[in-house]
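Undergrad: Generate a structure from the sequence data that follows.
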Amino acid sequence: MAINILMPALSPTMTEGTVARWLKKEGDMIQSGDVIAEIETDKATMEVEAADEGILGKILIPEGTENVAVKTPIAILVDEGEDVPDAPAAGNKPAVEEKTEAKAEKPAPIEISSFDPDKKPAVVDKGKGERIFISPLARRVAKEHGVDIASLTGTGPNGRILRRDVEKAKGQKPAPAAHSAAPAAGHVEHVKHSGMRKVIARRLTESKTQVPHFYVSVDIELDALLALRSQLNKALEAEGCKISVNDMVIKAVALALKKLPGLNVQFTEAEMLHFEDVDISMAVSIPDGLVTPVIRQADRKSLKEISQEARSLATRARDGKLSPEDYQGGTFSISNMGMFGVKDFAAIINPPQAAILAVASGEKRPVVRDGELAVATVMTATLSVDHRAVDGALGAQWLNVLRDLIQNPYSLVL
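TA: Residues are numbered from 1 along each chain as shown. Okay, the predicted model is just below:
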């Protein structure tokens, strides 16, 4: 019996994905557990294994297709000798978006007098008695990308404009506006947003507009920590392990959260969630965005363990090989831009967490010790806090605890 292979939900928050690559072709024998495709989510590219065995009878969603909804049939598996059906079994979601558009091919025409940009008309008026038949999805895409629908030729039934017609027009250069006083623009490259970039934009916009941020900064002297790091790396040299400043900051943050756990929380409308485990999300820059893999129970791990885990997570993040378990469930985030020579910055909270620490570069600065001027290596750390969950005094107290741990770093190895 034919079996539909569905777009899997590779994480609890995944609603759609991209079929990045098929690793099997039509006609191939499939065994349970075989890797059949690679699916790109907003976080990583992940392999999909077959749950059943049979022959890959038909691929419904070709490579490169974006925005495929979870549970959409992407292929059909059949038994040996069985005829391959032309379409998925009844009761499943449509396989591609064009099929969804086709369902709306016969609405009653809507006159221009009743046009509402927030509704979904199928017909608009060109202004000379000629009507334009356009699907609701195509109209929305055209509006988002500034495509003049009056210039389009529809390829749907009865000349109806579909999304594919708008997408084709998006790749064409618009004619220059007549009598424009502005100088002509040079070449503009149009780069389509990836799923990751869309998610970053949505989540950070929600964070800045819905979470009341406040910021607290402190200068921290690093000389003692740098000296300890040098000693540790000399001792670990034979093992091929190297401790970074970021590894030590992760451990210090975790210990500070243990001492003042009021920041290891999440705010919900009904209650506050207090976490026993300290799971640190560390921001990792990748070519198309940012991911935050998690070092779990960081307060219980040695600096060597944190170093090894951090490097493994960062490497897999840049290779697009993180699993959902690698980046879900952090309780506090660290964003370190010290390697770029940044003097100070404020990071945006990674919801639903309540705080994030922005770590800048260490630099030689004048300091006053016992009334005498001296020079020290100093970095500025800025804490961004959700004011619904944490009050200002607690944020300041926590930063003081962190500063003490970093300036007296031997507690990091005890």
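Undergrad: Okay, domains of this structure per the record?
TA: Annotated domains of the chain cover 3-95, 112-170, 213-412 [automatic domain parsing].
Undergrad: Would you reformat these as CSV and include distance to Lys192 and mean neighbour count?
TA: Glycine gets a C-beta too; all of them are placed from N, C-alpha and C. Below are the domains of the chain laid out as CSV (distance: least, C-beta to C-beta, whole Å; neighbours: other C-beta atoms under 10 Å):
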stretch, distance to Lys192, mean neighbour count
domain 3-95, 8, 17
domain 112-170, 9, 15
domain 213-412, 11, 18
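Undergrad: Adding distance to Ile200, write those out as JSON lines.
TA: Shown next, in JSON lines, are the domains of the chain (distance: least, C-beta to C-beta, whole Å):
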{"stretch": "domain 3-95", "distance to Ile200": "8"}
{"stretch": "domain 112-170", "distance to Ile200": "18"}
{"stretch": "domain 213-412", "distance to Ile200": "5"}
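Undergrad: Help me confirm that Pro242 comes into contact with Lys234.
TA: Actually, residue 242 is Lys rather than Pro. No: between Lys242 and Lys234 there is no contact under C-beta atoms under 8 Å: 10.4 Å.
Undergrad: Compare the domains of the chain and give me the one nearest Arg202.
TA: Taking C-beta to C-beta, domain 3-95 is the member of the domains of the chain nearest to Arg202, at 9.5 Å.
Undergrad: Relative to the strand ranked longest in the chain, what are the paired strands and their orientations?
TA: Across the chain, the strand with the greatest residue count (assigned by DSSP state E) is strand 372-386. Neighbouring strands of strand 372-386 in its sheet, by DSSP bridges, are strand 213-221 (antiparallel), strand 355-359 (antiparallel), strand 363-369 (antiparallel).
Undergrad: centre of the chain versus it, how much separation?
TA: When distances are taken as C-alpha atoms, centre = their mean, to the nearest Å, strand 372-386 is centred 30 Å away from the chain's centroid.
Undergrad: same question, stretch 220-237
TA: Distance of stretch 220-237 from the chain centroid (C-alpha atoms, centre = their mean) equals 34 Å.
Undergrad: so where do the strands sit in the stretch 201-350 of the chain?
TA: In the stretch 201-350 of the chain, the segments counted as strands under DSSP state E, counting those that start in this stretch are 213-221, 265-267, 272-274, 280-282, 284-286, 289-291, 294-295, 332-336.
Undergrad: Name the strands paired with the fourth one and say parallel or antiparallel.
TA: Applying DSSP bridges, strand 280-282 is found paired with strand 294-295 (antiparallel), strand 332-336 (parallel).
Undergrad: Let me have the ones you listed in CSV, adding mean pLDDT and distance to Ala44 as columns.
TA: Shown next, in CSV, are the strands paired with strand 280-282 (pLDDT from 0 to 100; distance: least, C-beta to C-beta, whole Å):
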stretch, mean pLDDT, distance to Ala44
strand 294-295, 98, 14
strand 332-336, 98, 18
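Undergrad: Specify the stretch among the ones you listed that is closest to Val199.
TA: Of all those, strand 332-336 comes closest under C-beta to C-beta, at 15.8 Å.
Undergrad: The nearest residue to Arg296 once chain neighbours are set aside: what's it in contact with?
TA: Among residues not flanking Arg296 along the chain, Asp279 sits closest, at 4.7 Å (C-beta to C-beta, 6 or more residues apart in numbering). Asp279 makes contact with 294-298, 329-332, according to C-beta atoms under 8 Å, 6 or more residues apart in numbering.
Undergrad: Distance check, Asp279 against Thr292.
TA: 11 Å (C-beta to C-beta, to the nearest Å).
Undergrad: so what sits against both of these two?
TA: Residues touching both Asp279 and Thr292 by C-beta under 8 Å, 6+ apart: Gly330.
Undergrad: Toward the C-terminus, what is the element adjacent to the longest strand of the chain?
TA: helix 392-407 (DSSP states H and E).
Undergrad: That following helix versus strand 355-359: what angle between them?
TA: Note on geometry: by axes from the mean of the first three to the mean of the last three C-alpha atoms, to 10 degrees, helix 392-407 and strand 355-359 are set 40 degrees apart in direction.
Undergrad: Fine by me, thanks again.
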